[in-house]
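[1] Model the structure of this input:
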Amino acid sequence: MDLWTAAESLNHVRLPNGYCAFDVSAGEPYIQGQLPYLEKAVTWADNHGLKVIVDLHGAPASQNGFDNSGHRISFPQWQADQTNIQRTDAIIKTIANMFKGNTNVVPVIAPLNEPAGFDGEAVLEAVRQYWYDSYGNIRYPYGSSQESNTVVLLHDAFQPLSYWNGFMNLPGWQGVAMDTHIYQMFSDADVARTNAQHISAACQMEDSSQLGLWLIVGEWTPAMTDCAKYLNGRGIGARYDGTYSGSSYVGSCTGKTGSAASFSSDYKVFLRQSWEAQVSTYEKVAGWIMWTWKAENADDWSYQAGLAGGWIPQDPTERKYPAHVSPYAVRQANDLASLLPHPLLSLQVLIHRALSVFSPNAHAHLYILNTAATTFQNPDDSSSQATFNLMGELTLKGAMQYYAYVEERQKKCY
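    Okay, here's the model as predicted:
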């Protein structure tokens, strides 16, 4: 199984690129030669019906200090020197020009991955201005007279989504989306969670109804430990097994990462539940990109290994553990229904209350229908009727019975 064979079930691939593919200055220890392979990858994707998100993953002097930026450093320096930002602007112009005539295959450009907004207002100020500049560089590759259809995928800079409410919204800004990355292993509190607590956390998602932008969960994984080799950096241990400086032992990393051959059947069940819970939650917004397709010696992070091992289904809409409703899935008051992603199941209870139930995919539609399809007679008040707008109707008693079930399961995915 390779990525192109899987294309019938997937629709986008995110391709991270370091700045060194485009620009290496004196004293920078990077090799080049990557660009022909980026162009080949776009051609391969086109041949197999995949869309490509071209992502600038690392910037000069590092935008976050992480090793995945190409320069592990205690404090990022990208924002500290305008020359770094200007070099990055030039790279984005190059990318936009490379694919301006091929937006049907490269519909999205992400101008910078994970800038370190947690390092303070100076970083955030630079990031905000860079987002503005990137919009012009990506949306207007032909000059000011002609606008491209390319989507500009910003990153939340590790800020709450509410921080970005109203930022670069319609009508002044067209084709802007926000990327957020959700992981559950980069703190002691995260790795100390039980499996059930991980699943419960996966069912929660920050309310983005006021964001005003398409929201994509652009990185996540079914893995829930930091046991993967070098995940925290070369030569740095894991919080889960207490080898990370200052952490406390939670459990052994044996059988939690590496080859799937070492995974127990129970662990594979958990990975499947984790994958399903997150997909069902993230499909409430504009979509998701799992990190990653193939990981070196970390099958718990690998989509490819998950397909082979059975904890990721060949059909991503398949559910062994169907999701019910998470806290953000139920909105009381019909005026909020328009803020929810489609498709919606509109359940209106006359007299008593109104609510909308979100169904993330076709599988969930059928599950909800099968759960609530029995018609009940209301002995008390025939005028108090409710319509269940999914291939049928329920009377008030049936609707309220279903709503009670929803309320009971609000905090669970399963």
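[2] The stretch 51-200 of the chain: strands as residue ranges?
    51-58, 108-110, 151-155, 176-181 (DSSP state E, counting those that start in this stretch).
[3] Next, format those as CSV and append mean neighbour count.
    Glycine gets a C-beta too; all of them are placed from N, C-alpha and C. CSV is the format used below for the strands of the stretch 51-200 of the chain (neighbours: other CB atoms under 10 Å):
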stretch, mean neighbour count
strand 51-58, 22
strand 108-110, 25
strand 151-155, 25
strand 176-181, 22
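[4] for the ones you listed, which one sits closest to V42?
    For V42, the closest of the strands of the stretch 51-200 of the chain is strand 51-58, at 5.4 Å, according to CB to CB.
[5] contacts for the closest one?
    11-20, 38, 41-42, 45, 68-71, 88, 91-92, 95, 99, 105-113, 153, 218, 289 (CB atoms under 8 Å, 6 or more residues apart in numbering).
[6] so what pLDDT did N64 get?
    With respect to pLDDT, N64 scores 92.
[7] separation between it and V176?
    Note on N64: its distance to V176, by CB to CB, to the nearest Å, is 21 Å.
[8] that older thread, sort out for me which of the contacts of strand 51-58 are in helices.
    38, 41-42, 45, 88, 91-92, 95, 99 (DSSP state H).
[9] can you map out the helices along the protein?
    Using DSSP H, helices in the chain cover 35-47, 82-99, 121-139, 188-191, 195-202, 265-282, 303-309, 362-372, 396-408.
[10] Lowest mean pLDDT across these, which one is that?
    Among the helices of the chain, helix 362-372 scores lowest, with a mean of 41.
[11] which one of the helices of the chain is the most hemmed in?
    The highest average neighbour count among the helices of the chain, using mean count of other CB atoms under 10 Å, belongs to helix 265-282 at a mean of 20.
[12] helices and strands around that helix, which ones?
    helix 195-202, strand 287-288, helix 303-309 (3 or more CB pairs under 8 Å, 6 or more residues apart in numbering; DSSP states H and E).
[13] Give me the residues contacting the shortest one.
    Residues outside strand 287-288 that contact it (CB under 8 Å, 6+ apart): 12, 216-218, 220, 278-279, 282.
[14] go again using 6 Å as the cut-off
    216-217, 282 (CB atoms under 6 Å, 6 or more residues apart in numbering).
[15] just stretch 295-305 next, same as before
    221, 223, 228-229, 257-260, 290, 292-294.
[16] if we go to 8 Å?
    With CB under 8 Å, 6+ apart as the criterion, stretch 295-305 contacts 1-3, 6, 221-223, 225, 227-229, 231, 256-260, 263, 271, 290-294, 306, 309, 312.
[17] Could you report the distance from the spatially most central residue of the chain to D315?
    Centrality entry for the chain: nearest residue to the mean C-alpha point is V217, 1.5 Å, by CA atoms, centre = their mean. Counting by CB to CB, the separation of V217 from D315 is 20 Å.
[18] G255 is in contact with A261, isn't it?
    No. Contact criterion CB atoms under 8 Å: G255 and A261 do not qualify, at 10.0 Å.
[19] Name the residue in the two with the higher neighbour count.
    G255 (16 against 8; other CB atoms under 10 Å).
[20] What's the ChimeraX syntax to select whichever of the contacts of stretch 295-305 are buried?
    Here is the ChimeraX command that selects the buried residues among the contacts of stretch 295-305 (16 or more other CB atoms under 10 Å):
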select :3,6,221,222,223,225,227,228,231,256,257,258,260,263,271,290,291,292,293,306,309,312
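[21] Can you give the domain ranges for this protein?
    5-309, 327-408 (automatic domain parsing).
[22] which stretch among those domains comes nearest Y321?
    Using CB to CB, the domains of the chain put domain 5-309 closest to Y321, at 5.3 Å.
[23] In the stretch 151-300 of the chain, where is pLDDT below threshold?
    Of all residues in the stretch 151-300 of the chain, none has pLDDT under 70.
[24] Rebuild the domains of the chain as a markdown table, extending it with distance to Y321.
    Rendered in a markdown table, the data for the domains of the chain read as follows (distance: least, CB to CB, whole Å):
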| stretch | distance to Y321 |
| --- | --- |
| domain 5-309 | 5 |
| domain 327-408 | 11 |
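[25] Surely M185 and A192 touch.
    No. Using CB under 8 Å, M185 is not in contact with A192, being 10.5 Å away.
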